[in-house]
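*Asks:* Give me a 3D structure for the following:
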Amino acid sequence: MPDTPESPASPAAENDVSAIPVIASVPIAEPPAPPSPFSARNVFLGADGLRAGWSLLIFAVLLAALLAATTFLFSKIYPHPPAAAHPATQTGKPPAAPVAKGAPIKPRPMLLNEGLAFFCVALATWIMAKIERRPSSVYGFSPRRWLPNFAAGLVWGLVFLSLLVLTLRATGLLVFDARLLFGAAALHYGAIWLVGFLLVGLLEEYLTRGYLQFTLTRGLSGIYAGLFKTPHANALGFWTAAVILSFLFGFGHRSNPGESPLGLLSAGLAGFFFCFSLWRTGSLWWAVGFHCTWDWAQSFLYGVADSGLMVQGHLFGTHPLGRPFLSGGLTGPEGSLFLYPVLALAVAILVLTLPANSGRERLVQS
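*Replies:* Next up is the predicted model:
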């Protein structure tokens, strides 16, 4: 039989909804809600770990506790009134022996004060490095080229302080009275004070331009990046932190006997100069070396006041002559206007003798 053609679908079949295939509905997942900006995690943690403000607070509390413990320990060993700290480090360091205000600093109290305070700062920094999971080297003591930078700083600190002192002498503003130490005594005091001022350099640089500089830079860089969307946030953060900490560094000298307003300004500018060496090299080693021999040459070698204070056992006896703003007066050479051209020359030498950008990238990207 011939094939019978299929009859077309009836209108009733076309309207039969039961004939339409059913597609299973899949529930659409709601996008996850963004984390609350006020959650505990966001309050304490940021993109680079613990927020800088909390880090600074923990560091301050930790350092204060360590210094208090050390002070208590030494109050049992040396039951005396608190000692006067070394000129540029009024940081609450532990007393080691009684020192009358304005009296020459003796070697033993100075070594104990500076050494133990540096130990407290180093320990607090190490603990913070563990908390923040960073290598301790990012806070200033990078091993890269540490010895050449440290040695260069030692040489230039001695050179520029000598230049300042000899300028004052040549202009009649500083008089050399006599040589006070000879032979074994000169070598003994020279070595003792070199170690002492090395501790001064380590303490002051690590305290003011180590963890504090790094962490304050980190916090300020985040603020600049968030507010202004600038690619220069790291540099702006670094130099803002440098200005703040240099001001505090200079202001910390205010209680030194013999200190002057010009001397306070000089100390602040010196702190800013050391920040520039940190920016240039990526470490504190150059600044530590410079700081060490600058103070050593003032206090021991030439026997002049260092931020208003003298030490016991110095090679030469000297005295200032003329107007204090030129001679430095009781403040010492750091209170003289002649410091500023010497400091400007030191900046030029720093730029010329250290490779350009040798440490800046590592510093701001750590």
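*Asks:* Can you tell me the element H319 falls in?
*Replies:* Remark: H319 resides in strand 316-320, with elements defined by DSSP states H and E.
*Asks:* Can you list the strands that that strand pairs with?
*Replies:* As defined by DSSP bridges, the strand partners of strand 316-320 come to strand 174-179 (antiparallel).
*Asks:* Next, the buried residues of the helix or strand following the strand holding H319.
*Replies:* Using DSSP H and E, the helix or strand that follows strand 316-320 in sequence is helix 324-327. By 16 or more other C-beta atoms under 10 Å, the buried positions in helix 324-327 come out as 324, 326-327. C-beta coordinates here come from the backbone N, C-alpha and C atoms, glycine included.
*Asks:* can you list the residues that contact helix 324-327?
*Replies:* The contact list for helix 324-327, computed with C-beta atoms under 8 Å, 6 or more residues apart in numbering, reads 168, 171, 173-174, 260, 262, 320-321, 330-331, 335-338.
*Asks:* Tell me which of those residues fall in helices.
*Replies:* Among those, the residues falling in helices (DSSP state H) are 168, 262.
*Asks:* Now which of the contacts of helix 324-327 would you call buried?
*Replies:* Here, 16+ other C-beta under 10 Å leaves 168, 173-174, 260, 262, 320, 330-331, 335-336, 338 buried among the contacts of helix 324-327.
*Asks:* quick one: least confident of those residues?
*Replies:* Between the buried ones among the contacts of helix 324-327, the one the model trusts least by pLDDT is S260, at 88.
*Asks:* Compute the number of surrounding residues for R134.
*Replies:* R134 has 15 neighbouring residues, counting by other C-beta atoms under 10 Å.
*Asks:* sorry, back to before: ok, the buried ones among the contacts of helix 324-327 vs K229, which is closest?
*Replies:* Of all the buried ones among the contacts of helix 324-327, K229 sits closest to L262, with 41.1 Å by C-beta to C-beta.
*Asks:* how far away is that closest one from G329?
*Replies:* Remark: distance between L262 and G329 (C-beta to C-beta, to the nearest Å) = 9 Å.
*Asks:* go on, T230?
*Replies:* Separation of T230 from G329 (C-beta to C-beta): 44 Å.
*Asks:* out of those two, which sits in the busier spot?
*Replies:* Of the pair T230 and G329, G329 is the one with more neighbours under other C-beta under 10 Å, namely 21 against 12.
*Asks:* my guess is that one contacts V304, does it?
*Replies:* No - look at G329 against V304 with C-beta atoms under 8 Å: they stay out of range, at 10.8 Å.
*Asks:* In which helix or strand does S142 reside?
*Replies:* Using DSSP H and E, S142 falls outside every helix and strand.
*Asks:* could you measure it against D295, distance?
*Replies:* 23 Å.
*Asks:* With L198 instead?
*Replies:* Counting by C-beta to C-beta, the gap from L198 to D295 is 9 Å.
*Asks:* These two: which has the busier surroundings?
*Replies:* Counting neighbours by other C-beta under 10 Å for L198 and for D295 shows that D295 has the greater number, 27 against 22.
*Asks:* about what we covered before: any chance of the buried residues of helix 324-327 in a markdown table, plus distance to V351?
*Replies:* Shown next, in a markdown table, are those (distance: C-beta to C-beta, whole Å):
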| residue | distance to V351 |
| --- | --- |
| P324 | 32 |
| L326 | 28 |
| S327 | 30 |
